[in-house]
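Participant: Okay, sequence plus prediction incoming.
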Amino acid sequence: MVLEILDILISGLLNGGIFALIAVGLSMQYGVARVLNVAHGEFIMLGAFFTWTLYTMLKVNPLVSLVICGPIVFVIGYFLHKTLYRRIRLSSESQGAFEGNSMLASFGLLFIIQNLAILRWGSGIKGYSYLNFPVNLGGAMFAANRLVTLLFAVAICIIFYLFLTRTRLGKAIRAAAQDPDAAGLMGVNINQVLALCFGLGALMAGLAGSLLSMSFRVQPTMGLEYTVIAIIVIVLGGLGSIPGSFIGGFILGLVGSIVSHFEPGLSLVAYYVLFMILLLVKPTGILGR
Amino acid sequence: MNRVALTSKKFLLPGLMIIALILLVTSPSYISAYKVMLLTSILMYIVVSVSWAIFSGPTGYISLASAAFFGVGIYTAAILGRILPLTYVIIIGGLVSVVLALIVGVITLRLKGMYFAIFTFGLVELLKHFLLWWEINITGTRGRFVISVHSETVFYVMIIIFVAVLLTAYLIKHSKYGLALQSIGEYEEAAEHIGINVTMVKIATFAISSFFIGSAGAIIATRWTYVDPYIAFNPIFSFMPVLMSIFGGLGQLFGPVLGAAFFAYLEESLITKFPYHYMLIFGIILVVAILYLPDGLIGLAKKWKKGSLSSGLVELLQKRQKGRKEV
Amino acid sequence: MSKKSFFSLIICLIFILTIAVGCSQPAPQPAQKDPAAPTGPVVPDKNEIVIGSVSSLSGPLSPIEGAAFGPIRQMWVNDINARGGIYVKEYDKKLPIKLIEYDDTSDIGTMTRLMERLIVEDKVDFIFPPTGTAMLFAAGEVANKHEKLLIGMSGGASEIKQIIAGMPYFFSALNFSDTQMPALVNMMVDQGVESAAIVFIGDLHGVEYSGAAVPQLALAGIDVIYVKSIPPGISDMSSLIREAKAADVDAFLCFAYPDENILALMQSMELGFNPKLFLTGPGGNFGFFRDIFGDQVMEGMMSWGAWNERSSPGSKEFVDKFIPLYGEPMVDWWGHNLYWGALQFFEQAVEKAGTLDNAVVRDIVATEKFDTILGPTWFEGGMLAEECHTGEVGQWQNGKFEVIAPYDKATAKPIYPKPSWPR
């Protein structure tokens, strides 16, 4: 019985770690840059494909790939904001119009990136095996690669949180999140900060993709399911709240593993039921203002 | 002279409308069978987008429940199609959607902005996965055949729904409810203070608009011949009306119509002409359109009306230049 | 916007739409022409056979399309054209093939519409099937309505048998549970399997395979520990695998798609679950599956199928042609030789018919026998005859997918129990 509970708890945490990481990334993009980036999952897909390519072609350790893929995806995200979203921001009449237009542009990006991936890598399923042996944790068995994924996801989120709270740049980002106009008046280069936020969001997605590729399949159409999960988590945690997204990820992971323990066919239903009930009870999310 | 012009103008517009409608209705006799199907598909997208915009346009509540209403209509046709005549099936499809919309409307009263959007999206996924689980574990089936109906019948039914949804949208917009919806979108608390029954107006409009999506789903399902929960509750039907309406231009009834027609036609041309690159081209068009038409197609039409198209573009460029200097 | 401009815009739109749709082809049909009158070429002069294909080039079904029928379709068209085409007596010459390809984006509404477009607008001579079971069922209806021959490739279910009677134009080339399950259960009994756990995906495929497996296993005296459905897109199957491990089942049968099967295999290794018999299908039959896990992991893994280059001389020829073009990971050891055989059959049927008239070709497909890589090949009640299958169950042995059941078609003996996962 105790072992069973331990099983459920740990597998919930293992899934939750990845959910948290991708949600924190989207939270940066939506919470600060106000872009509901529906192409978030495509950055995850890119990270996963880069890692897969490096592993199968050059035998690069996937954990080493993190340092290679992360910056690449960051640069892509950063310049996307500099060129695309900044212009949309300038040409949109209101905040609402910007959110609508930027979401539409993200849909365009989703189509573009997915099609390019299909052209480059084909529509087939890819994958590789890395650290796929069991680890015994107090009697419960777990996959080594998922444990590594969890550790890295938590570490990345903590480093990121420290960056936001302890550094000057992080403070500028938080100021911009609260009131972009005021932050602009205070001398924060708002366009720079927003592009940085978007890039950081993409970076998290890329890292998540690298980590995911160790224990999941890789294919061009994989992105959307992660985007949906990320959107659920950021709403669950409270829009714009980074700690909320982090906690929300773990909550979703735990609920999923509890329900799939009893009835795996309903695990996806459980996500939505939980989420809808929570919205009704506390419409601004767990840590929402 | 003035009066003559006025009266002639008064008759001109309805006259033109009727001619246009006649042209549409008689089109099966002079365009090919496939074109009729394509028109049906375009009309379907217009119906879904306009229905979506009836509620979401003025109030600013982004509903992603369209796929749920659509799917409910489809499943109504799949289950009842063999035992009831078509007319009943379509009406029941719409009514079931209305019931669903009423329930959703009542329980989501407190939700605003993104929270409402995500809740309604959750509804689609919830219904899909629940129906899937139900069909497998309770009824022991998954897919269902839908009774096939002649493509021209589907076309005419779709025209009827199309006309009905346009009339409804127009009537709502130009009635006191339209005004009430507008004020809810602008400042909900203020609307409440001046005596608008905000709850009632919101729920009623949401329910009315869902009727058309449900009935459109019920009729189009007969063209799909075989459905399962994954096919019926395809989230694309939640996003498409939003994309099409924003693309066409929100705030005007005509925006969603134009956006839906353009989108649906463009998609069909691309997947048939460039099957391996269609997403790429579609995506690029989307991004470019947003960069250069931030107010949607309708914004372009407005500028064109104001002056010439080129001067509109010049103005747009100047605006952008100015924006750049400010940075 | 005022009422007037709103309506005028609507009017404009309707005009534009009707005109745009009407004029998108250079020569619209004149209004007075009776649409029922034959508009196709009456004069027997034709320079190519036009075949239309709607398949899922993008969207969730695209991985299946890309791995199953997609490459075969391309390769076959190129192969025929390299030989100058198919000889059709009516025109007294070899006609090369022109393939029109559309993408249905994995959406059934788009698929049915484009399939009708191919038939009524593009006036193709023949159509190729879409991807997946649900799509095939829907396409079968459309094809039958327009009396176009449709040979279903990737996808299918025994349920087809019941509906195929009412669809004379619909044929199915793939083998599935009705022939595979008896072969599997028979083999399991002989190997001494005592218990099994079944996981199936929540769709027609999964429902059907689990529906066939449960009573047959019970009848054979094999204890079924559990039968559980999983939704497509599930991201964690650890509870299912733990339960099977705790019950120490002999056989783990996963009737799901590659997505879920990859997850099941990964998590089984990760959790140290080593059943004596592990079947994933469709999944383990694909070359890419072995590519992901490597030979050592795949050793002893079973899947549906099955064939290999030793199944027939033609199969060897096919493999030698296919692998240089697409690579070993692209081979589907379940369906590819059936698809290729069905297309060879189709080619000979057209040649024999001497015409592109679908009704004539259909009758030949329904009644004739031709030699293909499957040996003598024919259809029975709309389905490829069981005698033409080169195998029903396959197993990876030393990096080769071997046919292990039924015994008369086997290329190797089954390995049981499956070796443990490599360290």
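Facilitator: Good, I have the coordinates.
Participant: where exactly do the helices run in the stretch 51-200 of chain A?
Facilitator: Using DSSP state H, counting those that start in this stretch, the helices of the stretch 51-200 of chain A run over A:62-80, A:86-91, A:95-121, A:144-166, A:168-178, A:180-185, A:190-215.
Participant: Residue 253 in helix, strand or coil?
Facilitator: Assuming you mean chain A. helix (DSSP: H, G, I helix; E, B strand; the rest coil).
Participant: looking at chain C here, not the other one
Facilitator: The assignment at C:Leu253 comes out as strand when based on three-state DSSP.
Participant: Residue 178: how many residues sit nearby?
Facilitator: Answering for chain A, as no chain was given. 11 (other CB atoms under 10 Å in any protein chain shown). C-beta: built from backbone N, CA, C; applies to glycine.
Participant: Chain B is the one I meant
Facilitator: Residues lying near B:Gly178 (other CB under 10 Å) number 19.
Participant: ok so, going back, which of the helices of the stretch 51-200 of chain A sits most buried?
Facilitator: Across the helices of the stretch 51-200 of chain A, averaging neighbours per residue (mean count of other CB atoms under 10 Å in any protein chain shown) puts helix A:190-215 on top, at a mean of 27.
Participant: How far away from the center of its chain is that helix?
Facilitator: With CA atoms, centre = their mean, to the nearest Å as the basis, helix A:190-215 stands 8 Å off its chain's centre.
Participant: That helix to helix A:168-178, inter-axis angle?
Facilitator: Our comparison of helix A:190-215 with helix A:168-178, counting by axes from the mean of the first three to the mean of the last three CA atoms, to 10 degrees, yields an angle of 100 degrees.
Participant: Spatially central residue in chain B, please.
Facilitator: B:Ser49 (1.3 Å; CA atoms, centre = their mean).
Participant: Pretty sure that residue sits in a strand.
Facilitator: No - counting by three-state DSSP, B:Ser49 is located in no strand; its state is helix.
Participant: per-residue confidence at it?
Facilitator: Each residue has a pLDDT score; the one for B:Ser49 is 95.
Participant: Kindly report the same for B:Ala5.
Facilitator: 53.
Participant: tell me which strands and helices the helix or strand hosting C:Ala213 is in contact with?
Facilitator: Using DSSP states H and E, C:Ala213 sits within helix C:204-219. With contacts defined as 3 or more CB pairs under 8 Å, 6 or more residues apart in numbering or on different chains; DSSP states H and E, helix C:204-219 has these neighbours: helix C:133-145, helix C:177-191, strand C:195-201, strand C:223-230, strand C:251-255.
Participant: deepest of these, which one?
Facilitator: Taking mean count of other CB under 10 Å, strand C:251-255 is the most buried of these, at a mean of 27.
Participant: and whatever helix or strand comes next after that strand, anywhere near chain B?
Facilitator: Later in the chain than strand C:251-255, the nearest helix or strand by DSSP H and E is helix C:258-270. No - figure legend: helix C:258-270 not in contact with chain B (CB under 8 Å from any CB of the partner chain); closest approach 13.4 Å.
Participant: other SSEs contacting helix C:258-270?
Facilitator: Contacts defined by 3+ CB pairs under 8 Å, 6+ apart place helix C:258-270 against strand A:140-143, helix A:144-166, helix C:62-67, strand C:195-201, helix C:238-246, strand C:251-255, strand C:277-280, helix C:287-293.
Participant: Turn the helices and strands packed on helix C:204-219 into a markdown table, columns for distance to chain B and mean pLDDT.
Facilitator: Formatted as a markdown table, these follow (distance: least, CB to the nearest CB, whole Å; pLDDT from 0 to 100):
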| stretch | distance to chain B | mean pLDDT |
| --- | --- | --- |
| helix C:133-145 | 4 | 89 |
| helix C:177-191 | 15 | 93 |
| strand C:195-201 | 9 | 94 |
| strand C:223-230 | 5 | 91 |
| strand C:251-255 | 12 | 95 |
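Participant: I'd like these laid out as CSV, including distance to B:Ile138.
Facilitator: Below are these laid out as CSV (distance: least, CB to CB, whole Å):
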stretch, distance to B:Ile138
helix C:133-145, 20
helix C:177-191, 22
strand C:195-201, 16
strand C:223-230, 12
strand C:251-255, 20
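Participant: Out of the ones you listed, which is closest to A:Pro180?
Facilitator: strand C:223-230 (44.5 Å; CB to CB).
Participant: Is any residue of that closest one near chain A?
Facilitator: Yes - residues of strand C:223-230 contacting chain A under CB under 8 Å from any CB: C:228-230.
Participant: Which one of the helices of the stretch 51-200 of chain A has the poorest average confidence?
Facilitator: Taking the mean pLDDT of the helices of the stretch 51-200 of chain A, helix A:180-185 comes last: a mean of 78.
Participant: Relative to chain A, which residue of the stretch 151-300 of chain C is the closest?
Facilitator: Residue nearest to chain A within the stretch 151-300 of chain C: C:Glu270 (3.0 Å; CB to the nearest CB).
Participant: Find the nearest non-adjacent residue to that residue, please.
Facilitator: Once flanking residues are discounted, C:Glu270 sits nearest to A:Ala143: 3.0 Å by CB to CB, 6 or more residues apart in numbering or on different chains.
Participant: Figure out which of the helices and strands packed on helix C:204-219 is closest to B:Leu39.
Facilitator: Nearest of these (CB to CB): helix C:133-145, 18.3 Å.
Participant: Following element in sequence after the closest one, please.
Facilitator: That would be, after helix C:133-145 and using DSSP H and E, strand C:150-152.
Participant: Pull the residues that contact the helix holding C:Ala213.
Facilitator: Outside of helix C:204-219, the residues within contact range by CB atoms under 8 Å, 6 or more residues apart in numbering or on different chains are B:136, B:140-143, B:228, C:133-134, C:157-159, C:176-178, C:181-182, C:184-185, C:188, C:196, C:198, C:200, C:224, C:227, C:229, C:253, C:255-257, C:281.
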